[in-house]
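Engineer: Any chance you could fold what I've pasted below:
(one chain, ligands or ions: 1)
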Amino acid sequence: MDVIVIGGGIAGIATAYQLHAAGHRVCVVERHATVAQGATYGQGGALLPSPLDVWFGPTFMVSSRSKQSGMAVKTGFDAAARDFLKQLATLRDPETFAAQYAHLQPLVDASRREIASIEGRLELDFEQRRGMLHVFRQPRELEEAQPAIDLLKGCGVPYRVLTPEECVAVEPSVPDYPEFAGGVLLPEERTGNCPLFTKQLKQVLEDDGVQFRMHRAVASVRLEGARAAVELANPNEGKKRHAEVELITADAIVVAAGVGTPGLIGGIKSAASLFALRVHTLTAPVAYEERAPHLTVVDSIKRITMTRVSQRLRVAGAGVFQSASKADKPLDATLSRRALDILGQGTHDWIPGAARVSVARPWEGLRLISADGLPIVGATRHPRLFVNAAHGPAGWGLACGSAKVVADLVSGVTPDLPADTLAALSVERF
Ligand SMILES: Cc1cc2nc3c(=O)[nH]c(=O)nc-3n(C[C@H](O)[C@H](O)[C@H](O)COP(=O)(O)OP(=O)(O)OC[C@H]3O[C@@H](n4cnc5c(N)ncnc54)[C@H](O)[C@@H]3O)c2cc1C
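Structural biologist: Residues are numbered from 1 along each chain as shown. Below you'll find the model as predicted:
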């Protein structure tokens, strides 16, 4: 079949890989001049999420104050944004959280298998590192995380709950003063450079004959008749009266367009179902080698991830919840400063002296996140339209497993996931 994939982030490129592997002719359309320029560019490195990493559950935004939660909330009177946060808050209940995470776990497992298969086949070096240490400041925070720690047992992911002394012993860059409550070590969980992986995979696909239409934006998806089509526009000509428009047709279309996805697939009934969340990173050179962490350190409550990538440290987090109408406008300077301060403080608290934060390169970007914490993966009501998007904070590895699910569905093969997981990931839930 001829399949068009919209989006050149990790979700689009991984989907193109799986479709190509399944024998389809694939064309990827990306509005930027190169791949991995959206959320994929900014990601913090964690390859696969554990119950401690997802941006929902017992510890996520328990406090409404940005200093404690690691997030800034400026939704104002925007009813949809407030509703979105209320829905996420219902997932703090331990039983609701466990039930929702149970839907995600098979996708995490499938993603682990797919990444291993790609690594085994292509032998890519994308700066992989092993070992993640979640740290908790207050004893109450560690208690609040207990439902997520309990879930680790059922995930088959090796882990150890550590005292503060044990945390410092496994990761000497974490200071023993001021006191903290302890941590959870995930010794086998990995980080990697997602943009590098995405670019390497694109190169492999291009060499194998996959077509890339770069610097072309999909203006709309047309689903009439026997074949589907996308209307392409040159992003630079968008505002011209006689902008050049091109129509390309295919047997199937996969939308993996990050925050651009809802506008292309349509049919999302509630404005409070999906949110374009602004997230930040600081990339700083290592300051002192002996103070730089060899494990990825995560401030588990504030969801700040501090990852060593070669000679740099990548600090990611500081989500900003604001009115949806502000998503496509530059962030207010005060709010931007506050978000970057949250990341700088996280670095100062947990890996002091490791990074030269004063010369760090800041970055901010939007990632699509759903109100029930799960991505949108699979078929739509239209038999020729499929989706791989809304991975929120966990799209790096998850997008790879989701890509296999989508490729199976396009090929008419039943994906190797439980039916309730497929239903929980379906766009039909919205
Ligand atoms: C600061 C930050 C830290 C993160 N940390 C982690 C982490 O540690 N671990 C993890 O797993 N995940 C993390 N994430 C999330 C992860 O990066 C995303 O889930 C993932 O990159 C999403 O990939 P994507 O391909 O769906 O979206 P994107 O990377 O945004 O790609 C979508 C692409 O579609 C293109 N596009 C959109 N509309 C159109 C159109 N109309 N026509 C043509 N092209 C279009 C865009 O230009 C873009 O290139 C983080 C994200 C951020 C921002």
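Engineer: what residues does the helix or strand bottoming out on mean pLDDT in the chain touch?
Structural biologist: Within the chain, no helix or strand scores below helix 66-69, which has a mean of 85 by mean pLDDT, DSSP states H and E. Contacts to helix 66-69, defined as Cβ atoms under 8 Å, 6 or more residues apart in numbering, come from residues 61-63, 72-73, 301-302, 338, 342. Just so you know, the C-beta spots here come from the backbone N, C-alpha and C atoms, and that holds for glycine as well.
Engineer: what separates that helix from the chain centre, distance-wise?
Structural biologist: Relative to its chain's centre, helix 66-69 lies at 21 Å (Cα atoms, centre = their mean, to the nearest Å).
Engineer: Show me which parts of the helix ranked longest in the chain are buried, residue by residue.
Structural biologist: For the chain, the helix with the greatest residue count under DSSP state H is helix 94-122. Residues 94, 97-98, 100-101, 103-112, 114-115, 118 are the ones in helix 94-122 that count as buried (16 or more other Cβ atoms under 10 Å).
Engineer: Stretch 164-176 now?
Structural biologist: Of the residues in stretch 164-176, 164, 167-168, 170-171, 173-175 count as buried by neighbour count, 16+ other Cβ under 10 Å.
Engineer: Let me see the domain layout of this protein.
Structural biologist: What automatic domain parsing lists as the domains of the chain is 2-40+196-269+373-429, 55-92+130-189+272-370.
Engineer: so of these, which one's packed in deepest?
Structural biologist: domain 2-40+196-269+373-429 (a mean of 20; mean count of other Cβ atoms under 10 Å).
Engineer: and residue 49, which of the domains of the chain is closest to it?
Structural biologist: Between residue 49 and the domains of the chain, the shortest separation by Cβ to Cβ is 3.9 Å, and it involves domain 2-40+196-269+373-429.
Engineer: re the thing from before, just checking, which of the buried residues of stretch 164-176 belong to helices?
Structural biologist: Using DSSP H, the subset of the buried residues of stretch 164-176 located in helices is 164, 167-168, 170.
Engineer: Redo the residues you listed as TSV? Include pLDDT and distance to the ligand.
Structural biologist: Compiled in TSV, these are given as follows (pLDDT from 0 to 100; distance: Cβ to the nearest ligand atom, whole Å):
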residue	pLDDT	distance to the ligand
164	98	24
167	98	20
168	98	24
170	98	20
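Engineer: C-terminal to the least confident helix or strand of the chain, what's the next element?
Structural biologist: Downstream of helix 66-69, the first helix or strand assigned by DSSP states H and E is strand 72-74.
Engineer: contacts for the helix or strand just after that next one?
Structural biologist: Following strand 72-74 in sequence order, the next helix or strand is helix 79-90 (DSSP H and E). Residues from elsewhere that reach helix 79-90 (Cβ under 8 Å, 6+ apart): 55-56, 60-61, 73, 75, 96, 270-273, 275, 321-324, 371-373.
Engineer: Just the CA atoms of helix 79-90, as PDB, please.
Structural biologist: Only the C-alpha atoms of helix 79-90 are listed here, as PDB (Å, rounded to 0.1, in the frame of the first residue of the first chain):
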ATOM      1  CA  ALA A  79     -12.700  26.400  31.400                       C
ATOM      2  CA  ALA A  80     -11.200  23.700  29.100                       C
ATOM      3  CA  ALA A  81      -7.700  24.000  30.700                       C
ATOM      4  CA  ARG A  82      -9.200  23.900  34.200                       C
ATOM      5  CA  ASP A  83     -11.300  20.800  33.300                       C
ATOM      6  CA  PHE A  84      -8.300  19.200  31.800                       C
ATOM      7  CA  LEU A  85      -6.400  19.500  35.100                       C
ATOM      8  CA  LYS A  86      -9.400  18.300  37.000                       C
ATOM      9  CA  GLN A  87      -9.500  15.100  34.900                       C
ATOM     10  CA  LEU A  88      -5.800  14.500  35.400                       C
ATOM     11  CA  ALA A  89      -6.300  15.000  39.200                       C
ATOM     12  CA  THR A  90      -8.800  12.100  39.300                       C
END
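Engineer: what's the distance between it and the middle of its chain?
Structural biologist: 20 Å.
Engineer: Just want the angle from it to helix 94-122.
Structural biologist: Orientation of helix 79-90 against helix 94-122 (axes from the mean of the first three to the mean of the last three Cα atoms, to 10 degrees) gives an angle of 90 degrees.
Engineer: Rounded mean pLDDT for helix 79-90, please.
Structural biologist: Helix 79-90 carries an average pLDDT of 94.
Engineer: now swap in stretch 185-204 and tell me
Structural biologist: For stretch 185-204, mean pLDDT rounds to 97.
Engineer: what's the straight distance from one end of that stretch to the other?
Structural biologist: Taking Cα to Cα, to the nearest Å, stretch 185-204 runs 35 Å from one end to the other.
Engineer: nearest residue to residue 300 other than its sequence neighbours?
Structural biologist: Sequence neighbours aside, residue 134 is the residue nearest to residue 300 in space, at 4.0 Å (criterion: Cβ to Cβ, 6 or more residues apart in numbering).
Engineer: ok, and what's touching the helix or strand hosting that neighbour?
Structural biologist: In the assignment (DSSP H and E), residue 134 maps to strand 129-136. If you take Cβ under 8 Å, 6+ apart as the criterion, strand 129-136 is touched by 46, 52, 142, 145, 162, 167, 170-171, 174, 180-192, 293-301, 307-308, 350.
Engineer: Which SSE is immediately downstream of that strand?
Structural biologist: Following strand 129-136 in sequence, per DSSP H and E, is helix 139-144.
Engineer: and the following helix or strand past that next one, how far out from the chain's middle?
Structural biologist: Per DSSP H and E, helix 139-144 leads on to helix 146-155 as the next helix or strand towards the C-terminus. Here the centre of helix 146-155 is set off from its chain's centre by 21 Å, with Cα atoms, centre = their mean.
Engineer: Show me what helix 146-155 packs onto, helices and strands only.
Structural biologist: helix 94-122, strand 182-191 (3 or more Cβ pairs under 8 Å, 6 or more residues apart in numbering; DSSP states H and E).
Engineer: Other residues contacting the next helix or strand after that helix?
Structural biologist: Using DSSP H and E, the next helix or strand after helix 146-155 towards the C-terminus is strand 160-162. Applying Cβ under 8 Å, 6+ apart, the contact partners of strand 160-162 are 133, 149, 166, 170, 182-185, 187.
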